[in-house]
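In: I would like the atomic coordinates for the input below:
(chains A, B, C and D, ligands or ions: 6)
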Amino acid sequence: MDNGKLDVTKAIEAVKRIKDIVDANKEYLTELDSAIGDADHGINMSRGFTKALEKVKSNEYNDIGSVFKDVAMTLMSTVGGAAGPLYGTFFMKASMKLAAQKEADLSLLAQAFREGLQGVVALGKAQLSDKTMVDALTPAVEALESAAKDGLTLKQGLEKALAMAEKGMKDTIPMVARKGRASYLGERSAGHQDPGATSSYLILKAFYDALEG
Amino acid sequence: MDNGKLDVTKAIEAVKRIKDIVDANKEYLTELDSAIGDADHGINMSRGFTKALEKVKSNEYNDIGSVFKDVAMTLMSTVGGAAGPLYGTFFMKASMKLAAQKEADLSLLAQAFREGLQGVVALGKAQLSDKTMVDALTPAVEALESAAKDGLTLKQGLEKALAMAEKGMKDTIPMVARKGRASYLGERSAGHQDPGATSSYLILKAFYDALEG
Amino acid sequence: MKKLINEVEKVVEESLQGLVKAHADLVKLHPSVRAVLRVDSPKEKVAVISGGGSGHEPMHTGFVGFGMLDAACPGEIFTSPTPDQMYEAAKTVNGGKGVLYIVKNYSGDIMNFQMAADMLAGEGIPVEQVIINDDVAVEDSLYTAGRRGVGGTVLAEKIVGAKAEEGASLEEVKKLCERVNANVRSMGMALTSCTVPAAGKPTFELGPDEMEIGIGIHGEPGRQRMKVKTARDIVEMLATAVVEDLPFKAGDEVLAFVNGMGGTPLSELYIVYNDLSDFLEKKGIKIVRNLVGNYITSLEMQGCSITLLRLDEEMKRLWDAPVCTPGLRWGM
Amino acid sequence: MKKLINEVEKVVEESLQGLVKAHADLVKLHPSVRAVLRVDSPKEKVAVISGGGSGHEPMHTGFVGFGMLDAACPGEIFTSPTPDQMYEAAKTVNGGKGVLYIVKNYSGDIMNFQMAADMLAGEGIPVEQVIINDDVAVEDSLYTAGRRGVGGTVLAEKIVGAKAEEGASLEEVKKLCERVNANVRSMGMALTSCTVPAAGKPTFELGPDEMEIGIGIHGEPGRQRMKVKTARDIVEMLATAVVEDLPFKAGDEVLAFVNGMGGTPLSELYIVYNDLSDFLEKKGIKIVRNLVGNYITSLEMQGCSITLLRLDEEMKRLWDAPVCTPGLRWGM
Ligand SMILES: Nc1ncnc2c1ncn2[C@@H]1O[C@H](COP(=O)(O)OP(=O)(O)O)[C@@H](O)[C@H]1O
Ligand SMILES: Nc1ncnc2c1ncn2[C@@H]1O[C@H](COP(=O)(O)OP(=O)(O)O)[C@@H](O)[C@H]1O
Ligand SMILES: [Mg+2]
Ligand SMILES: [Mg+2]
Ligand SMILES: [Mg+2]
Ligand SMILES: [Mg+2]
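Out: Ligands and ions are numbered 1, 2, ... in the order given. Below is the predicted model of the structure:
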């Protein structure tokens, strides 16, 4: 009885897919972070989502908000660095919008991700073009919202969001970083893709793949 | 009025030649010492003979014993390591035999070098085949002595001594070291030429060249 | 990658085990979160807590003890610790006079400490934070993450720890920490990179005749790569940037701190100190205290940093006060 | 070769300048020969003097001060000092109770110290020598130069220095030094080589997955080259050789010393200490004192050594006694 929405099973599947795709890209993310940061982003994300998956697999859930909340708490206490509180906040704020919900359609997920993004911005104070995850997340959330307005399905919406996240991620390449560790490099940070924007793209890809079935 | 003997001028010339040949082989000696020691023999010898040359050039001498003595004192206080006291003693003991002598013929130089060698053995307690400078010095001194017995000239004697020193030096290659730093390597010291035997050969070469004129 | 480790995942854990075994008279582990605590956290003082990524040893775990920190919260290698560590550590060592978090200025550290502080404040526990940002290699701007916290952190922890040990109030301790931060400047350089164990290869590559100027303490690239120079020229570059920034002036009394990045022999750090001493003498800046050694490191990186702190009488007295930690000890 | 130096010929000189500038309250240079002297050589004690090649800092120059050495005579990098250094230093710091030379067992050191001792004895100055030879990596034999002096030297200098500080006689101080040497054993290993500045390239080459077991402190090759192993396995190899040699037995109380070769981060030394502590616990050997850090190094070499000293009550008391030197300090 797949209605194309994000239910508890698919939310857990999404966490599993995030873990897998982050693991598969662990070295890649770390290499990106070597160039303009401190060579730990892939390691941090892999550690966090491994623990998050363990956590959500060991629990019974009645609503997707609780899945998101457990992910948030686990990321917060296992990732560390900049990405830990940021992704922790993203999932925490999103979980509030999804609290007590058995499933989410495109419109609800768009709202939840918007909340998540706002949390990231409130905490990290990054603006667009600061060369951070915000540069991938912002166009993705906007795509979700406009797809919802256009009445598309969740899967269609995520497909558009994914494309925009990918573009946002690639757009970070020429940027000069103004937030996070890469900003210490000044002009030398240009020419490198932001690791956090890349992991944001991967997370969206995992959501999309989870809905694929 | 070159009578083929070692006078003050030639003794000083010998010191200069030692300095030059040690400098030219500084890296080579150090490389030999890297393999079975601590990579400083060329550096030590170069430092010592640079200072020794400065010393003998800045003095007036009436006898060759005093030249040898100044070389000895300078080596003692500038070379350090194992080679410093050993070569210092070599020149010191030799200088005693040469004290107040205006020049040395083959027989006298053979006696002086014998004294020097005995000093080295007394101090360092190395036997033949322990893979040290003694393995080059011993056959060289023996060659000087038998050449003296045969009534050869100083130059002829040094030529024979040089050939024997070279052979003695090369013979150290297969030896397992039993004295000095190389002995810590045990069996692994075999297959490498001893740096001290090599510098002894070079010193004899410099004496020979100095007499060449 | 060659390291004296067992498993990359257990580097921090096992190193902490070794630390508390070697210094059981001074420090112990927190029972539930990853934190090193003073073995005897006295009640009648402000609790001074720091933390940050691991890989900078002895900082911060080696600075826990009498006259310095009450707790240190180490993250994974070069990765900020998580809020639960700072929160639980504070709950354990707070004696009632409140908690000061000394935080190095990195986005990750700031956010994680902030969350812990929010949690404490929510429970009515008095908590203050001071952000150390002394690295002049980073251009300071409202529009960036600002300057990193580097060598000044060690000096702040010593001086502020001594003040807390005297029984000063949270407000006083915080004010002093801000004063130290306002008077301290640093800059570092590297001859080689370092290898994060879990990454398995060097964070960056330097040619056999290259060095990186303005390096941080995380193997992050610096601001400028150039051919290696003599110690004297390197000191000139680093110290000029440091001196001009505050600026330090003729007649100023300073603490000069020459720090090794972990892989540079002590003998070379003394050469750097010798050159720094000459440099400052020419400028009329007086070294009245100094520290030379590996205190805030970057794993096995070869290189050094120079930190100058303009001292006042109180800072001098507090610097000289007894300290007894695994990494810094005198007077007892 | 990348180093924080100015000229290869001046490395030792400038490093010593830096040392005495940084620790002018503790040490000073001899006016005529290359020697570091205690700033206040007290008259009423035996003068304890050591020395050897440079490149092992903080040993020996960093161990000059209250409760340890009265003078240290540094040679060029990895090269024994010359007799005039030890002779002049002894003449300067001898207060009348005589001089003890603590000498590491290397042909060069032995010969140079012997010459200095002969010169002193010739002038009627009471002088004794103790040769430290604790390195179990070297096979001991009447027909070789015998075992090298390594980590045990640091412990001997501390313990013997404390005894001399108490006013003991030359005979007593010498006896104690021999007792320390009789009860101490060490073994080291390297992950990388080191580069003598004047040589300009590494003394030996190790592959990216190789280590050298039984290394000395001069970058001289060890006894065995093998693939790198975990810290636990390395500790097992080194500690087994050390324990079986004396042998150390269940119930023995020991000082466990984990020493870094100069380029290994402190965090890794604590991992080694953690593994060593587990290893000894299984054997029933009790660690009652410890020392972890870079104390007898080999320039920027990565690696470590393990030293065990079987303690008696007097050694324990003397180890705990106050010491105040640039490189080792507690109790004051
Ligand atoms: N203030 C910020 N706002 C948003 N994202 C940020 C901020 N600071 C850092 N990031 C993101 O975090 C990523 C780095 O994460 P990570 O390497 O795990 O942390 P750290 O930089 O502490 O090592 C960057 O690539 C960037 O996308
Ligand atoms: N006991 C000894 N007797 C004779 N020669 C020795 C002895 N010990 C060492 N040598 C010689 O000294 C050489 C090493 O000299 P050098 O490298 O200058 O000193 P060190 O070994 O102290 O670094 C060896 O190659 C060997 O020939
Ligand atoms: Mg990072
Ligand atoms: Mg040598
Ligand atoms: Mg990080
Ligand atoms: Mg040597």
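In: now the residue in chain C that ligand 2 sits nearest to, what's its secondary structure?
Out: Residue of chain C nearest ligand 2, by C-beta to the nearest ligand atom: residue C:267 (18.1 Å). Using the backbone N, CA and C atoms, a C-beta is placed for each residue, glycine as well. In three-state terms, and counting by DSSP: H, G, I helix; E, B strand; the rest coil, residue C:267 is helix.
In: isn't it right next to residue D:14, touching?
Out: No. Judged on C-beta atoms under 8 Å, residue C:267 makes no contact with residue D:14 at a distance of 9.2 Å.
In: between these two, who's got more neighbours?
Out: residue C:267 (31 against 23; other C-beta atoms under 10 Å in any protein chain shown).
In: residues in contact with that one?
Out: D:11-12, D:15, D:54-55, D:57, D:299 (C-beta atoms under 8 Å, 6 or more residues apart in numbering or on different chains).
In: State the distance from whichever residue of the stretch 51-200 of chain C sits closest to ligand 4 to ligand 5.
Out: Proximity of the stretch 51-200 of chain C to ligand 4 (C-beta to the ion) peaks at residue C:191, 25.9 Å away. With the distance defined as C-beta to the ion, to the nearest Å, residue C:191 ends up 22 Å from ligand 5.
In: Next one: that residue, what pLDDT does it get?
Out: If you check residue C:191, the pLDDT there is 97.
In: and it, what is it in contact with?
Out: So residue C:191 contacts C:206, C:211, C:228, C:264, C:302-303, D:2-4 (C-beta under 8 Å, 6+ apart).
In: What separation do you get for the residue of chain C closest to ligand 2 and residue D:56?
Out: Using C-beta to C-beta, to the nearest Å, residue C:267 is found at 9 Å from residue D:56.
In: go on, residue C:225?
Out: 32 Å.
In: got it, and residue C:283?
Out: 34 Å.
In: what does residue A:62 give?
Out: In terms of C-beta to C-beta, residue A:62 sits 67 Å off from residue D:56.
In: now swap in residue A:63 and tell me
Out: 65 Å.
In: circling back: looking at residue C:225 and residue D:56, which one has more neighbours?
Out: residue D:56 (30 against 16).
In: which residues does the more buried one contact?
Out: D:217, D:296-298.
In: Neighbour-wise, which one of the residues you listed leads?
Out: Most crowded among those, counting by other C-beta under 10 Å, is residue D:217 at 34 neighbours.
In: After the helix or strand bottoming out on mean pLDDT in chain A, which helix or strand is next? Please name it.
Out: Every helix and strand of chain A was ranked by mean pLDDT, DSSP states H and E. The lowest is helix A:26-36, at a mean of 94. Sequence order places helix A:41-57 as the next helix or strand after helix A:26-36, per DSSP states H and E.
In: tell me the angle the next helix-or-strand element following that following helix makes with helix A:41-57.
Out: For helix A:41-57, the succeeding helix or strand toward the C-terminus, using DSSP H and E, is helix A:64-78. Orientation check (axes from the mean of the first three to the mean of the last three C-alpha atoms, to 10 degrees): helix A:64-78 against helix A:41-57 gives 140 degrees.
In: Just the CA trace of helix A:64-78, in CSV.
Out: What follows is helix A:64-78, C-alpha atoms only, in CSV (Å, rounded to 0.1, in the frame of the first residue of the first chain):
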residue,chain,number,x,y,z
ILE,A,64,8.1,9.9,11.7
GLY,A,65,8.8,12.9,13.9
SER,A,66,10.2,10.5,16.5
VAL,A,67,12.5,8.9,13.9
PHE,A,68,13.8,12.4,12.9
LYS,A,69,14.2,13.3,16.6
ASP,A,70,16.3,10.2,17.4
VAL,A,71,18.5,10.9,14.4
ALA,A,72,18.9,14.5,15.6
MET,A,73,19.9,13.5,19.1
THR,A,74,22.3,10.9,17.9
LEU,A,75,24.0,13.3,15.4
MET,A,76,24.3,15.9,18.1
SER,A,77,26.1,13.6,20.5
THR,A,78,28.3,11.7,18.0
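In: Touching, residue C:218 and residue A:38? I think so.
Out: Yes. Assessed by C-beta under 8 Å, residue C:218 is found in contact with residue A:38 at 3.8 Å.
In: Read off the pLDDT value for residue C:141.
Out: The model's pLDDT for residue C:141 equals 67.
In: How is chain C divided into domains?
Out: Following automatic domain parsing, chain C resolves into domains at C:10-183+C:319-330, C:184-311.
In: just the strands in the chain please.
Out: The chain I'm using is chain A. For chain A, the strands defined by DSSP state E cover A:6-7, A:103-104.
In: wrong chain, I was asking about chain C
Out: C:27-29, C:36-38, C:47-54, C:71-77, C:99-104, C:127-132, C:184-190, C:210-213, C:224-227, C:253-260, C:286-293, C:303-310, C:323-324, C:329-330.
In: What is the fourth one packed up against?
Out: In other words, strand C:71-77. When contacts are defined as 3 or more C-beta pairs under 8 Å, 6 or more residues apart in numbering or on different chains; DSSP states H and E, strand C:71-77 sits against helix A:41-57, helix C:11-22, strand C:36-38, strand C:47-54, helix C:83-93.
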